[in-house]
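Chemist: Predicted model and sequence follow; I will ask about them next.
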Amino acid sequence: CDGGNVQGCSTLGGMYAEGRGVPADDKQAVAFNRKACDGGDAAACFTLGTRYAEGRGVSPDAEQAVALFRKACDGGNVQGCSNLGGLYAEGRGVPRDDRQAVAFYRKDCDGGNVQGCSNLGGLYAEGRGVPRDDRQAVALFQKACDGGNVQSCSTLGGMYAEGRGVPRDDQQAIALFRKACDGGDGQGCFTLGTRYAEGRGIAQDDRQAVVFYGKACDSGYARGCSSLGGMYALRRGVPADDTQAVAFYRQGCDGRDGQGCFMLGARYAEGRGVQADVGQAVAFYRKACDADFALGCVTLGTRYVEGRGVQSDAGQAVTLFRKACDGGEPLGCSNLGGRYAEGRGVQADVGQAVAFYRKACDGGYVGGCSNLGVMYENGIGVTPDVGQAVALFRKACDGGHVRGCVNLGGMYENGIGVSPNIEQAVALFRKACGSGDGQGCNNLGVMYSKGKGVRQDNAEALKLYRKACDLETKKGCDNFEQLKSRRR
């Protein structure tokens with residue numbers, strides 16, 4: 001290095017970085033890499049750029065990283081081109097520019113670095129900087145996979161599983177997930193574990209699922225740890241073990257897997273495998289939400305509504321429900337619709353309530369369908385349409401939302417939007433009551449009290465009113481006391 005051999009400077013920097021033959025010294029490593037880079041060693045520029053990008057031995061500086069990766073790329077270091085493309089794709093140190101990202105990833109791929117091919121495939125799959133082209137994405141992922149990039153094998157497996165750019169082929173997908181896993185890719189192991197757990201494209205086998213979730217976890221793929229915790233919690237493929245479940249949930253959460261944090265919060269809330277602790281439950285629900293696990297945001301928002309483990313805060317609840325809804329959780333959309341309908345934590349707006357109930361219903365949360373049905377039944381925020389209300393209540397009830405059954409039963413009892421059918425009303429109230437809905441029990445009690453659709457039976461009515469009351473339905477408590485007093 002002292003004699004002007006810049007590769008010697010670069011190698012010496014590496015020795016200082018690793019503490020080989022000298023005490024580890026990041027500052028010295030940086031100094032020798034800088035000397036090598038200034039002397040025209042493109043690999044040293046790449047190494048120095050990586051340090052600035054990560055803040056190792058220097059203060060983080062994305063703009064400086066851009067300059068060094070550009071110098072490395074211009075000097076023929078294709079990894080520098082790939083990293084420069086990544087910074088353009090993320091908008092770090094430079095304005096985001098997908099076309100520039102495409103150009104640098106392409107240069108990297110053409111230069112023989114399969115990571116660049118994988119990155120370029122991702123942009124074709126997403127239609128960023130180029131028109132979306134799944135076939136081209138598949139070709140690039142295949143090239144990267146064939147070149148030993150196991151993450152690309154996993155991604156390519158996903159393309160075969162979804163039939164994107166290639167005919168759908170579960171067997172080929174599984175083969176690629178297995179190849180990725182065998183190469184140490186945690187996502188491939190996790191996906192293969194999920195396939196075994198669900199029996200998709202392969203014989204269902206919980207023990208094999210446990211094996212592959214374990215491999216994913218061991219490789220540092222946090223979702224694998226969380227899923228392994230779930231297997232211990234549900235006694236699937238392993239003996240039930242709450243302590244192990246908690247340990248793996250915690251490992252997943254420590255790896256920033258939101259689902260692991262959420263499940264750990266639930267454990268603290270219920271006192272399963274750990275001592276119950278509402279403060280810890282809230283802390284882990286918050287971590288789940290911060291990690292963009294939308295159900296964690298919903299649960300945390302509900303805590304703010306109820307004031308459990310946190311001070312009641314309607315505005316904070318709205319913020320969390322909105323984040324959950326934006327994150328694709330339809331329950332968050334339904335809860336947000338409720339906030340707008342009631343004007344709690346946000347200015348009342350029935351139009352917004354309808355919009356969020358509809359989004360929840362369309363997103364698969366049938367409780368949102370029931371709420372939307374109420375709006376149509378009563379003409380709140382929409383033109384009244386009892387036929388539409390009936391359809392929405394039916395969809396909710398068929399989907400397992402018992403309040404939808406209660407509402408549908410009311411329509412049959414009163415002949416609103418459907419021909420009157422007292423027997424059908426009784427059946428729907430009974431279904432709801434049997435599933436623990438207090439309003440359903442109260443309504444069924446009324447039918448027995450009045451002898452509508454059933455033989456009149458005050459004793460049975462009293463039992464149902466009491467059950468409704470126990471389920472915290474005030475009307476059930478009132479009806480119980482009134483009927484009880486009449487029988488004295």
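Modeler: It's in.
Chemist: could I get stretch 203-223 in PDB with only the CA atoms?
Modeler: Once non-C-alpha atoms are left out, stretch 203-223 reads as follows in PDB (Å, rounded to 0.1, in the frame of the first residue of the first chain):
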ATOM      1  CA  ALA A 203     -49.900 -33.700   1.600                       C
ATOM      2  CA  GLN A 204     -50.800 -31.900   4.900                       C
ATOM      3  CA  ASP A 205     -48.200 -32.700   7.500                       C
ATOM      4  CA  ASP A 206     -47.900 -30.700  10.700                       C
ATOM      5  CA  ARG A 207     -44.600 -32.300  11.700                       C
ATOM      6  CA  GLN A 208     -43.000 -31.300   8.400                       C
ATOM      7  CA  ALA A 209     -44.500 -27.800   8.900                       C
ATOM      8  CA  VAL A 210     -42.700 -27.600  12.300                       C
ATOM      9  CA  VAL A 211     -39.400 -28.700  10.700                       C
ATOM     10  CA  PHE A 212     -39.500 -26.000   8.000                       C
ATOM     11  CA  TYR A 213     -40.800 -23.300  10.300                       C
ATOM     12  CA  GLY A 214     -37.800 -24.200  12.500                       C
ATOM     13  CA  LYS A 215     -35.400 -23.900   9.600                       C
ATOM     14  CA  ALA A 216     -36.900 -20.500   8.700                       C
ATOM     15  CA  CYS A 217     -36.500 -19.400  12.300                       C
ATOM     16  CA  ASP A 218     -32.900 -20.700  12.600                       C
ATOM     17  CA  SER A 219     -32.000 -18.800   9.400                       C
ATOM     18  CA  GLY A 220     -33.200 -15.500  11.000                       C
ATOM     19  CA  TYR A 221     -36.600 -15.300   9.200                       C
ATOM     20  CA  ALA A 222     -38.700 -13.900  12.000                       C
ATOM     21  CA  ARG A 223     -42.100 -15.000  10.700                       C
END
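Chemist: Name the surrounding residues that touch that stretch.
Modeler: With Cβ atoms under 8 Å, 6 or more residues apart in numbering as the test, stretch 203-223 has contacts from 181, 184-187, 189-190, 192-194, 196-199, 224-225, 227-228, 231, 236-238, 248, 251-257, 259-260. All C-beta atoms are positioned from the backbone trio N, CA, C, and that covers glycine.
Chemist: hmm, try it at 7 Å
Modeler: 181, 184, 186-187, 189-190, 192-193, 196-197, 224-225, 227-228, 231, 236-238, 248, 251-252, 255-257, 259-260 (Cβ atoms under 7 Å, 6 or more residues apart in numbering).
Chemist: Then stretch 372-384?
Modeler: Stretch 372-384 is contacted from outside by 350-351, 353-354, 357-358, 361, 385-386, 388-389, 392-393, 396, 407, using Cβ under 7 Å, 6+ apart.
Chemist: Out of those residues, which end up buried?
Modeler: Buried members of the contacts of stretch 372-384, scored by 16 or more other Cβ atoms under 10 Å, are 350, 353-354, 357-358, 361, 385-386, 388-389, 392-393, 396, 407.
Chemist: Any chance of those residues in TSV with pLDDT, secondary structure and distance to Asn335 as columns?
Modeler: Shown next, in TSV, are the buried ones among the contacts of stretch 372-384 (pLDDT from 0 to 100; DSSP: H, G, I helix; E, B strand; the rest coil; distance: Cβ to Cβ, whole Å):
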residue	pLDDT	secondary structure	distance to Asn335
Val350	97	helix	16
Ala353	98	helix	11
Val354	98	helix	15
Tyr357	98	helix	10
Arg358	98	helix	14
Cys361	98	helix	13
Asp385	97	coil	24
Val386	97	helix	26
Gln388	98	helix	22
Ala389	98	helix	21
Leu392	98	helix	18
Phe393	98	helix	19
Ala396	97	helix	16
Asn407	97	helix	18
